[in-house]
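Q: Provided below for reference: sequence and predicted model.
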Amino acid sequence: MILKTGYTKTTTPVVTAAGKPSAVRALDPVNSTVILDDDTETKIADAVVNYVLQDTSEKAAKAAKEEASEVLRLYAGTVRDDNALAGEYQKSLRVLGKIVKGAQYAVDVIQTDKFSVPKNKTDIEALKTILGTSFNTILETTVAISIKTTVLENDALRKELSEELFRALGSEGIKKYFEREEIWRVKKNMAETQYALSAEVRAALRANCVPAKDTLKDATSTV
């Protein structure tokens, strides 16, 4: 699907039910539209209503809800990118739909700070080449240690390990009993700090460490 050019990206403050300022910003799509994969065109405000209504319908309507979800993710994500590059990053955006029978339909689209990272060592080495000097800015490593299968399946070694664990294990002890695995992950807050990267590096990050989908939440209220 494609977000049609000329879309609205101005956000406005949102207040809580108690009248206090909210961390969410409202995004009124007005007449902004998305061209779907079947070349039909749908208004984003209609997608808000469809999402909310399908949320309470039968399982058979799951596909319609998912389509509405992707429309809203595309719109909010594109606006978030545009505004963040202009210095106005916003994690949560409230996309406003139509007012129907005293209800202001709305959906909160919330960015998650999660990325998938390749686990294969070869893929990590390739990623280092792709990201170049930005690799260490984006990713960090942790080490996971697990007991070797050969130890778990051997009574004598298990007994020896039990005794050894009562004493402080040095580096040689770790090597003898445990397997060491290096796990890479994207650094915390990269959902926001990615916008300080060059467009080329940011595109490479998203292509190789795929961001988790934005979460959606019904934010409909009475008016």
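A: Perfect, I can see it now. Numbering: from 1, shown residues only.

Q: Surely Glu182 forms part of a helix?
A: No. Under DSSP: H, G, I helix; E, B strand; the rest coil, Glu182 falls outside any helix and is assigned strand.

Q: residues touching it, list them.
A: By Cβ atoms under 8 Å, 6 or more residues apart in numbering, the residues touching Glu182 are 141-143. No exception for glycine: its C-beta is placed from N, CA and C like everyone else's.

Q: which of those residues tops the neighbour count?
A: Thr141 (11 neighbours; other Cβ atoms under 10 Å).

Q: who's in contact with that one?
A: Thr141 touches 182-185, counting by Cβ under 8 Å, 6+ apart.

Q: can you rerun that using 6 Å?
A: Neighbouring residues of Thr141 by Cβ atoms under 6 Å, 6 or more residues apart in numbering: 182, 184.

Q: Just checking: what are the partner strands of the one helix or strand it maps to?
A: Per DSSP states H and E, Thr141 falls inside strand 139-147. Looking at strand 139-147 with DSSP bridges, its partner strands are strand 178-186 (antiparallel).

Q: Work out the gap between the partner strand and the centre of the chain.
A: 22 Å (Cα atoms, centre = their mean, to the nearest Å).

Q: and what of stretch 119-134?
A: Taking mean C-alpha positions (Cα atoms, centre = their mean), stretch 119-134 and its chain are 21 Å apart.

Q: Setting aside sequence neighbours, what's the nearest residue to Val100?
A: Val49 (6.8 Å; Cβ to Cβ, 6 or more residues apart in numbering).

Q: Please enumerate the helices of the protein.
A: 44-54, 62-85, 121-131, 135-138, 149-152, 155-164, 171-177, 190-193, 199-208 (DSSP state H).

Q: got a list of what the residue nearest to Val100 touches?
A: 97-98, 105.

Q: where's it relative to Val109, distance?
A: 15 Å (Cβ to Cβ, to the nearest Å).
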